[in-house]
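*Asks:* quick one: sequence and predicted model below, then my questions.
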Amino acid sequence: MSDLYWLTHEQMDRLRPFFPKSHGRPRVNERRVLSGIIFVNRNGLRWCDAPREYGPHKTLYNRRKRWGAIGIFARMMDGLAAGKAEPQTIMIDATYLKAHRTASSLRLKKKAPGRLIGRTKGGRNTKLHSITDQNGRPLSFFMTAGQIGDYTGASTLLDSLPAAQWMLGDRGCDADWFRDALEEKGIKPCIPGRKSHGEPIKYDKRKYKRRNRIEIMFGRLKEWQRVATRYDRCPTAFFSAICLAAIIMFWL
C-alpha cells in the first residue's frame, strides 16, 4: 500500500491547515483519499477505475467534487505559493487544453454558467492563463473559453499581480494599455511587439529568453492526463484538477 501513496506524512502536514473542518463523523484516511484523487487525475482514469486500495471510488469523486466546489485546492496553491514564491521577475502566458467530447456533450441548463469551452482551429478547447514566478512556478490561474484572446486573461490577472520588478510576456500581450498598467504598478514590461504594432518595441532580449520556464511549466502540467485533456463538464472541477497538479509538482 505504501507504493500507492503520492504524499508523504510531511507533505500532508503542510496541506492539513487548508482542509475544511470535519463535521460529525471524522473523515476517512485523508492521505489515502488524496492519493487516490491524484492517481486518477495523473493517469486520466474514470473514477470507477481507481485501484481498490484507495477505497470506494465514490469517496474519491465526492471528496474532489466537494472540496473543489468550495475552492480548497485553489486555496492550497495560493497558500503554499505565498510562502515560497520568488516574484522579482514574473511571467505571463496562456495555453490550450483539449476538451474531450464528454466535457460538452450535454446541453446547458437555463441560467447555468458556461463551461468555458470554445471552438478554435484545433477543435474544442479551454484556455488556461497563468502568472508564474521567476522559476516558472505558478502563482495564479485563470480559465476562459479557447477562442478568448490573451488580452482577457492579462487584464483579469492584472489585479492579482505580486510586487515585482519585471514582467515577461510574449507578443500576445503586446498592448500599450497593458504596458502602461504594469508601469503604474512599478513593474518593467519585457514584451516584444507585434509586426503590426508600428514602431518597434525595445525589450531586453537576454532576459526574455528566460520566459521558456513558463512554457516548461505548462508542459509539466500536461503530463497529468486529466489536465492535458478535459473530461470534466464542470469548469470548477477541471480548475481543481489543474490546481492539484500544480501543488504536487511545484509547491510540495
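*Replies:* Done, it's in.
*Asks:* pop the domain breakdown of this structure in here.
*Replies:* Domain assignment for the chain by automatic domain parsing gives 2-70, 86-103+113-232.
*Asks:* who wins for proximity to residue 238 among these?
*Replies:* Closest to residue 238 of these is domain 86-103+113-232 (C-beta to C-beta; 4.2 Å). To be clear about C-beta, it is placed using only N, CA and C from the backbone, and glycine gets the same treatment.
*Asks:* how distant is stretch 11-29 from the center of its chain?
*Replies:* Chain-centre distance of stretch 11-29: 23 Å, with C-alpha atoms, centre = their mean, to the nearest Å.
*Asks:* end to end, how far does it reach?
*Replies:* Taking C-alpha to C-alpha, to the nearest Å, stretch 11-29 runs 15 Å from one end to the other.
*Asks:* contacting residues around it?
*Replies:* Outside stretch 11-29, the residues within contact range by C-beta atoms under 8 Å, 6 or more residues apart in numbering are 7, 30-31, 33-34, 55, 59, 67, 70, 72, 75-76, 79-80, 247, 252.
*Asks:* check which helix or strand covers residue 92.
*Replies:* Assigned by DSSP states H and E, residue 92 falls within strand 89-99.
*Asks:* thinking again about what came up before, what's the farthest-apart pair in the contacts of stretch 11-29?
*Replies:* For those, the maximum inter-member distance is 26.3 Å, found between 55 and 79 (C-beta to C-beta).
*Asks:* quick one: the helices in the protein, in order.
*Replies:* Ranges of helices in the chain, per DSSP state H, are 9-15, 30-43, 57-69, 72-84, 150-157, 176-184, 205-208, 212-221, 225-228, 235-246.
*Asks:* that older thread, next, the angle from the strand holding residue 92 to helix 235-246.
*Replies:* Strand 89-99 runs at 130 degrees relative to helix 235-246, counting by axes from the mean of the first three to the mean of the last three C-alpha atoms, to 10 degrees.
*Asks:* for strand 89-99, name the packing helices and strands.
*Replies:* strand 123-132, helix 150-157, strand 166-169, helix 212-221, helix 225-228, strand 229-230 (3 or more C-beta pairs under 8 Å, 6 or more residues apart in numbering; DSSP states H and E).
*Asks:* pull that strand out as PDB, backbone CA atoms only.
*Replies:* C-alpha atoms of strand 89-99 as PDB (Å, rounded to 0.1, in the frame of the first residue of the first chain):
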ATOM      1  CA  THR A  89      10.500  38.600 -12.100                       C
ATOM      2  CA  ILE A  90       7.100  37.200 -13.100                       C
ATOM      3  CA  MET A  91       5.900  35.700 -16.300                       C
ATOM      4  CA  ILE A  92       2.500  35.600 -18.100                       C
ATOM      5  CA  ASP A  93       1.300  33.200 -20.800                       C
ATOM      6  CA  ALA A  94      -1.600  31.000 -21.800                       C
ATOM      7  CA  THR A  95      -2.100  27.500 -23.300                       C
ATOM      8  CA  TYR A  96      -4.800  25.500 -24.800                       C
ATOM      9  CA  LEU A  97      -6.200  22.400 -23.100                       C
ATOM     10  CA  LYS A  98      -8.100  20.000 -25.300                       C
ATOM     11  CA  ALA A  99     -11.700  19.300 -24.300                       C
END
